[in-house]
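Structure of the sequence below:
(chains A and B)
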Amino acid sequence: MKNRTVRMVNPENFCKPETLLPLIFNRIGYSPATISKSIHEKIKTLITMGLKTIHIDHVEQTTQITSWGKGSITGKGIQIDSDKWSSLLYHMENPELLHCFVLTLGESLDKLTEEKKKDSLFDAYVLDAFGSLVVEQAADQLEKSIFNRSNFKIYEWSHRFSPGYCDWELASGQTAIFQFLNPEKIEVSSLPSGMIIPEKSISAVMIGAKKATTKSPCLFCKDQHCKYRRAG
Amino acid sequence: MLVAIDAYRRGITYLKEISPKLINPETEDDKPRVVIGVVEGDVHDMGKNIVAAVLEACGYQVYDLGRNVPNETFLETVRTTKPDILALSTMMSTPFANMRILIEMAKTMYPHTAIIVGGAPFDADLARRMGADGYAENAITAPDETNKLLTSFSSDKKLIK
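Numbering: from 1, shown residues only, chains lettered A, B, ... in the order given. Presented below is the predicted three-dimensional model:
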């Protein structure tokens, strides 16, 4: 299956300053009830500035699962070394597909944040929070658009998961995804440590099956204190 | 806190511009020195920037090396600036192996420089296991932890038992 670079994510659907404002307040620890008017306006201005700066782009590809077992899931062109996620496949009926993507807000936001760091740590901090929030929302929207595609509607999908979470090692996991997708064409690269550049980027995989009774390994994972633990 | 830091930085810059004599080089030399940076493999530097600004406001002379800093750059800067504290930050666990090497080398080569670490993956136990002398949970506790480390290190006591 071919790589897709078509823009599936429309920031206008979720990136309205008035929608983002309370979420950013929450993220940076301000209470909307006590925030001063000047700080409120400053954050609003920064959100508008951020929205003008981001350029959401992504690359994605689907592959057939060829085998799975203890410790890994293998598809054509990619291997995911994760005991927990490979165990999830035993809770699925006919797991067939791996759908991988890398999504980015682009390097301009990184540059703007860097610029702001020189004059105002507050501005940089707000832009950083803005980027973290918007990139997650963009990935959520991409995920939904994938679920709703006509050729994918016959599948049930796992939650998306990324290198560095659960027991999927960050550096080697990032290498596997990057070799599979070549996101360099949308100007996304990764450091040997697994860190993605531009900073506000997400790499992820989802598993498509005929039936998925549970969407993540959390239900059978013994790590009860994991802060990323999900209900289903 | 960030708004206060921005105001402080602007105020200091303004004072330096209008009256450079206000900044006494001799007083500057008396300040405890900190070399700070994000270790190689990581570019998350928001926390490090805040800690650097807070330490500067608390009277430290701060040498900020930035992010994704190679071990050699840290060691060379420690050699040339002879800091009291080497502050290392990372938000990821993948640079740990390299960071451990850096800490080991810095302790061997510059035993009089105390090492403090911080960042999301750390707690006091991990910091100790990495070989660090101190650990700061966040920018608010960083000045106190750094001060404690300065005192305890000078009396040859480790902060993290």
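
ok, which residues in chain B are in contact with chain A?
B:2-3, B:5-6, B:9, B:40-46, B:49-50, B:53, B:68, B:92-95 (CB under 8 Å from any CB of the partner chain). In short, each C-beta sits where N, CA and C put it, glycine included.

So which of the residues you listed sit within helices?
Mapping those onto helices (DSSP state H) picks out B:2-3, B:5-6, B:9, B:46, B:49-50, B:53.

Can you read off the backbone torsions of the residue of chain A at minimum distance from chain B?
Closest contact between chain A and chain B, by CB to the nearest CB, is at A:Ser193 (3.1 Å). Per-residue torsions, A:Ser193: phi -70, psi -10 (degrees, to the nearest 10).

Skipping adjacent residues, who's closest to it in space?
Excluding its sequence neighbours, the residue lying closest to A:Ser193 (CB to CB, 6 or more residues apart in numbering or on different chains) is B:Gly41, at 3.1 Å.

That neighbour is in contact with B:Thr94, isn't it?
Yes: between B:Gly41 and B:Thr94 there is a contact at 5.9 Å, judged by CB atoms under 8 Å.

Overlap of the contact sets of those two?
Shared contacts of B:Gly41 and B:Thr94 (CB atoms under 8 Å, 6 or more residues apart in numbering or on different chains): A:193, A:195.

Can you tell me which residue sits nearest the middle of chain A?
A:Ile202 (3.8 Å; CA atoms, centre = their mean).

What pLDDT is listed against the residue in chain B that chain A sits nearest to?
For chain B and chain A, the shortest gap (CB to the nearest CB) falls at B:Gly41, measuring 3.1 Å. According to the prediction, B:Gly41 has pLDDT 91.

got the contact list for A:Lys215?
A:157-159, A:230, A:232.

Give me the secondary structure label for it.
Recorded secondary structure, A:Lys215: coil (DSSP: H, G, I helix; E, B strand; the rest coil).

got it, and the one 4 residues further on?
Taken by three-state DSSP, the conformation at A:Leu219 corresponds to helix.

What ranges does chain B have for its strands?
Using DSSP state E, the strands of chain B run over B:33-38, B:61-64, B:85-89, B:114-118, B:134-135.

Just the residues contacting the longest one, thanks.
Contacts of strand B:33-38 with the rest of the structure, by CB under 8 Å, 6+ apart, involve B:44-45, B:48, B:51-52, B:55, B:60-69, B:73-74, B:77-78, B:81-90, B:113, B:146.

Same check on the fourth one?
When contacts are defined by CB under 8 Å, 6+ apart, strand B:114-118 is touched by residues B:47-48, B:51, B:84-89, B:99, B:103, B:106-107, B:127, B:130-138, B:142, B:145-146, B:149-150, B:153, B:159.

With the second one instead?
Contact partners of strand B:61-64, identified using CB under 8 Å, 6+ apart, comprise B:28-29, B:31-37, B:48-49, B:52, B:55-56, B:77, B:81, B:83.

10 Å instead, please
The contact list for strand B:61-64, computed with CB atoms under 10 Å, 6 or more residues apart in numbering or on different chains, reads B:27-38, B:45, B:48-49, B:51-56, B:77-78, B:80-81, B:83-87.

buried subset of those residues?
Buried members of the contacts of strand B:61-64, counted by 16 or more other CB atoms under 10 Å in any protein chain shown: B:32-38, B:45, B:48-49, B:51-56, B:77-78, B:83-87.

residues from chain A in reach of chain B?
Residues of chain A lying close to chain B by CB under 10 Å from any CB of the partner chain are A:28-29, A:36, A:38-39, A:42, A:110, A:113-114, A:117-129, A:163-164, A:169-172, A:174, A:191-199.

Could you pick out the buried ones from those residues?
A:42, A:110, A:113, A:117, A:120-129, A:163-164, A:169-171, A:174, A:191, A:193-196, A:198-199.
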